[in-house]
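*Asks:* compute the structure for the input listed below.
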Amino acid sequence: MKTYDPIELEIFKNAFVSISEEMGAVLGRTALSPNIKERKDYSCAVFNRRGETLAQGSHIPVHLGAMPLSVRAAVRALAFEPGDVVILNDPYHGGTHLPDITCIEPVFVGKKLSFFAANRAHHSDVGGMTPGSMPLATEIFQEGMILPPLKLIRRGSLDEDVLRLILANVRTPEERRGDLLAQLAACEKGRQRILESVEKYGLGKVLGYSSLIQDYTEKFLRKTLKDIPDGIYAFEDYLDDDGISDDPVRIRVAVRIRGGKAVVDFRGSSPQVKGGVNANDAVTCCRPLRLPLADRGRHSIQHGTPEADRDHRPAGPCRQRPAPGCNGGRERRDVAAHRRCPPRSPGQGHPGQDPGGQPGDHEQHRDRRLRPGQRQDVRLL
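*Replies:* Below is the predicted model:
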């Protein structure tokens with residue numbers, strides 16, 4: 001679209017967000033487990049036909065940041081047909097940890113694949129060596145069953161064989177069945193709402209504004225990065241241990257800001273460890289992306305965001321299947337990127353901003369802001 005109405009752009013942005021929020025309401029209300037219904041450990045989003053994010057609900061950032069990789073993995077692995085629904089939890093296909101199961105439904109307008117509705121929810125058990133599927137494991141196979149992209153619904157019909165296989169490998173099969181059906185219902189609601197928008201405005205207009213939303217997000221992030229002075233913002237932090245040995249696990253990150261571009265470099269972090277604190281590509285990449293926008297009010301983080309970022313990943317801990325290592329609870333890069341990621345916390349880059357972090361971190365680290373080029377070693381005891 002060469003010309004557009006900025007008021008309509010805002011309308012379409014909120015329309016896509018409202019679809020994601022309604023999907024979340026359906027999932028939360030119809031799920032059986034307290035993990036999803038009460039703790040609300042789930043996320044919903046809408047994607048274009050290439051698996052790029054268009055809108056997301058106000059849900060869990062690590063789900064939302066990693067989910068596009070799952071959608072694209074499903075697109076690469078399978079041929080979608082009308083009525084199909086795909087599920088997966090494989091951390092090496094965009095998943096986070098094994099209890100997080102992603103559900104993806106294509107949206108066809110006529111015979112044209114145009115969008116995807118997807119959600120991710122934390123199931124309270126997916127098998128493995130201990131109840132809850134978050135054990136002190138030393139390899140991913142001990143954590144539970146690994147689901148590559150596979151069709152749970154084919155052309156509108158539930159594949160009972162696939163469902164029976166899943167339920168035979170969990171400790172709470174009835175609860176798992178209910179939660180999976182809730183995820184299917186949420187995706188179907190997203191599909192219905194997208195088709196209603198297409199019917200109301202026309203496919204061309206909906207596609208045009210979905211692309212403009214992505215462009216807007218990229219411009220917003222680039223402007224945010226330009227407000228940060230050029231320099232290297234470096235930080236180190238430690239996990240006490242990996243749950244298997246007593247050795248601390250180092251997370252090192254250096255963010256290089258230059259000319260409105262950011263390079264997030266994790267080189268120098270500890271190599272892959274035995275315990276369940278390793279982070280895969282999806283988790284490693286998604287954390288730095290959301291933080292530059294975290295203090296700028298509510299803005300959708302769409303696929304336009306990653307186009308403005310680059311990251312260097314070390315060869316050991318977060319490449320594609322370096323070994324059948326334990327993936328666990330994603331803590332590895334969360335510490336560096338979520339707790340105190342430099343793009344959010346350089347005091348000179350954002351005067352008056354708090355140094356970031358999780359609840360409880362602010363008091364301990366209030367005055368530990370970094371200067372360009374400065375390194376600071378902090379070991380949490």
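*Asks:* so where's the longest helix in this protein?
*Replies:* Longest helix of the chain, by residue count under DSSP state H: helix 173-201.
*Asks:* separation between V17 and A182?
*Replies:* 21 Å (CB to CB, to the nearest Å). From N, CA and C alone the C-beta is placed, and that goes for glycine too.
*Asks:* domain map for this structure?
*Replies:* For the chain, automatic domain parsing gives the domain ranges 6-201, 229-365.
*Asks:* so for the last one, what's the average pLDDT?
*Replies:* Pointing back at domain 229-365 there. Averaging pLDDT along domain 229-365 gives 64.
*Asks:* related to what we said a few turns ago, which of V17 and A182 has more neighbours?
*Replies:* A182 (24 against 20; other CB atoms under 10 Å).
*Asks:* is the more buried one in contact with V26, as I believe?
*Replies:* Yes: assessed by CB atoms under 8 Å, A182 is found in contact with V26 at 7.4 Å.
*Asks:* from P68, how far out is V126?
*Replies:* Computed as CB to CB, the V126 to P68 distance reads 22 Å.
*Asks:* hmm, I was thinking of L78
*Replies:* Distance from L78 to P68, by CB to CB: 16 Å.
*Asks:* more neighbours, these two?
*Replies:* Each of L78 and P68 has its neighbours counted (other CB under 10 Å); P68 has more, 25 against 17.
*Asks:* what are the buried residues along the helix or strand that that one is a member of?
*Replies:* Using DSSP states H and E, P68 sits within helix 61-77. Across helix 61-77, burial judged by 16 or more other CB atoms under 10 Å covers 61-75.
*Asks:* which one of those residues is nearest E236?
*Replies:* E236 lies nearest to V62 out of these, by CB to CB, at 21.5 Å.
*Asks:* does that closest one touch C286 like I think?
*Replies:* Yes: between V62 and C286 there is a contact at 6.2 Å, judged by CB under 8 Å.
*Asks:* can I assume N119 sits in a strand?
*Replies:* Yes: under DSSP: H, G, I helix; E, B strand; the rest coil, N119 sits within a strand.
*Asks:* read off the pLDDT value for the closest residue to it other than its chain neighbours.
*Replies:* Spatial nearest neighbour of N119, excluding adjacent residues (CB to CB, 6 or more residues apart in numbering): C44 at 4.3 Å. C44 is assigned 97 on the pLDDT scale.
*Asks:* what sits against C44?
*Replies:* Residues near C44 by CB atoms under 8 Å, 6 or more residues apart in numbering: 20-21, 23-24, 27, 56-57, 59, 117-119, 186, 190.
*Asks:* for it, give its distance to E81.
*Replies:* 22 Å.
*Asks:* ok, S270 next?
*Replies:* Computed as CB to CB, the S270 to E81 distance reads 44 Å.
*Asks:* neighbour-wise, which of the two wins?
*Replies:* Per other CB under 10 Å, whichever of S270 and E81 has more neighbours is S270, with 20 against 13.
*Asks:* are we agreed that the more buried one is in a strand?
*Replies:* No: using three-state DSSP, the assignment for S270 is coil, not a strand.
*Asks:* any of the contacts of C44 buried? List them.
*Replies:* Here, 16+ other CB under 10 Å leaves 20-21, 23-24, 27, 56-57, 59, 117-119, 186, 190 buried among the contacts of C44.
*Asks:* quick check, nearest of those residues to I104?
*Replies:* Nearest to I104, judged by CB to CB, of these is A118 at 4.5 Å.
*Asks:* helix or strand: which one has the spatially closest residue to that closest one that is not a sequence neighbour?
*Replies:* Leaving aside its chain neighbours, A118 sits nearest to I104 (4.5 Å; criterion: CB to CB, 6+ apart). Assigned by DSSP H and E, I104 belongs to strand 100-109.
*Asks:* parallel or antiparallel, which strands does that strand pair with?
*Replies:* strand 85-88 (antiparallel), strand 112-122 (antiparallel) (DSSP bridges).
*Asks:* nearest to Y209, out of the domains of the chain?
*Replies:* That would be, of these and by CB to CB, domain 6-201, which comes in at 4.0 Å.
*Asks:* start and end of that closest one, how far apart?
*Replies:* End-to-end span of domain 6-201 (CA to CA, to the nearest Å): 16 Å.
*Asks:* now it: how far from the chain's centre is it?
*Replies:* Mean C-alpha position of domain 6-201 versus that of the full chain (CA atoms, centre = their mean, to the nearest Å) differs by 12 Å.
*Asks:* contacts only, for the closest residue in space to E188 that isn't next to it in sequence.
*Replies:* Nearest residue to E188 in three dimensions, chain neighbours excluded: E105, at 6.6 Å (CB to CB, 6+ apart). When contacts are counted by CB under 8 Å, 6+ apart, E105 touches 84-86, 116-118, 184, 187-188, 190-191.
*Asks:* pLDDT below threshold where in the stretch 1-150 of the chain?
*Replies:* 1-2 (pLDDT under 70).
*Asks:* where exactly do the helices run in this protein?
*Replies:* Assigned by DSSP H, the chain shows helices spanning 6-30, 34-37, 61-77, 160-167, 173-201, 203-226, 281-290, 331-334, 361-365.
*Asks:* wait, which of these is closest to F141?
*Replies:* Of all the helices of the chain, it is helix 160-167 that lies closest to F141, at 16.1 Å by CB to CB.
*Asks:* pLDDT of the closest one, averaged?
*Replies:* Over the span of helix 160-167, the pLDDT mean works out to 98.
*Asks:* which strands and helices lie in contact with that helix?
*Replies:* For helix 160-167, the packing partners by 3 or more CB pairs under 8 Å, 6 or more residues apart in numbering; DSSP states H and E come out as strand 150-154, helix 173-201.
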